[in-house]
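Q: Structure, please.
(one chain, ligands or ions: 1)
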Amino acid sequence: MVTGKMPRVSICKSYEFSAGHWLPNVPDGHPCKRQHGHNYKVEIIATGEMEQRGGWLVDFAELDNWVKPIIAQLDHQMLNDILPNPTAEWLAWWIHSRIPVKVSLVVRVWETPKCYAETKGQLPEWLREELGWTIDSSH
Ligand SMILES: [Zn+2]
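A: Modelled structure (predicted):
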């Protein structure tokens, strides 16, 4: 009989989508002010205590159940129709806030092969209310 705490572990699964955007708040003449597109890569990193019986943290298939519908909403869209200021940072929070929280998550959005934004923890409550981003924790 094994007793005691199981070790913590992190798992990561990556997803991809393509979308257009432009950044409204950069100065005139900034290249990001012009409409353009990216092939985004999204990494979801979940961290927690290993489940003793399963020998895993969370089924990779369950990660897909959480994340694939979110990615489908973004793929081949104009991100400005979804987010007013679609920086990689806001995109990471947008994705993060839609994943039901069962384990500690990091969301990393690669906008180019060299640049990413990463979120950890939770958006402050006031900001979530201001944005109207409610977390669906029903599943
Ligand atoms: Zn861009």
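Q: Let me know the helix or strand that residue 25 is in.
A: Residue 25 is part of no helix or strand, with elements assigned from DSSP states H and E.
Q: Could you report the neighbour count for it?
A: As a burial measure, residue 25 scores 10 neighbours (other Cβ atoms under 10 Å). Bear in mind the C-beta positions are built from the backbone N, C-alpha and C, glycine included.
Q: That one - nearest residue in space that isn't next to it in sequence?
A: residue 85 (5.7 Å; Cβ to Cβ, 6 or more residues apart in numbering).
Q: any weak-confidence spans in the chain?
A: For the chain, residues meeting the criterion pLDDT under 70 lie at 1-2, 134-139.
Q: quick one, phi psi at the residue nearest to residue 25?
A: With angles defined as degrees, to the nearest 10, residue 85 sits at phi -130, psi 80.
Q: Surely it touches residue 24?
A: Yes. Between residue 85 and residue 24 there is a contact under Cβ atoms under 8 Å: 6.1 Å.
Q: More neighbours: the two, which one.
A: Each of residue 85 and residue 24 has its neighbours counted (other Cβ under 10 Å); residue 85 has more, 15 against 11.
Q: Would you quantify the distance from the more buried one to residue 120?
A: Computed with Cβ to Cβ, to the nearest Å, the distance linking residue 85 and residue 120 is 21 Å.
Q: now residue 104
A: From residue 104 across to residue 120, the span is 8 Å (Cβ to Cβ).
Q: Quick check: buried residues in the helix or strand hosting residue 62?
A: Assigned by DSSP H and E, residue 62 belongs to helix 60-74. Using 16 or more other Cβ atoms under 10 Å as the test for burial, helix 60-74 gives 63, 66, 67, 70, 71, 74.
Q: how distant is stretch 34-49 from the center of its chain?
A: Distance of stretch 34-49 from the chain centroid (Cα atoms, centre = their mean, to the nearest Å) equals 6 Å.
Q: contacts for that stretch?
A: Contacts to stretch 34-49, defined as Cβ atoms under 8 Å, 6 or more residues apart in numbering, come from residues 5-22, 57-58, 63, 66-67, 71, 74, 91, 95, 99, 103-112.
Q: Please verify my assumption that residue 77 contacts residue 19.
A: Yes. With contact defined as Cβ under 8 Å, residue 77 reaches residue 19; the gap is 5.3 Å.
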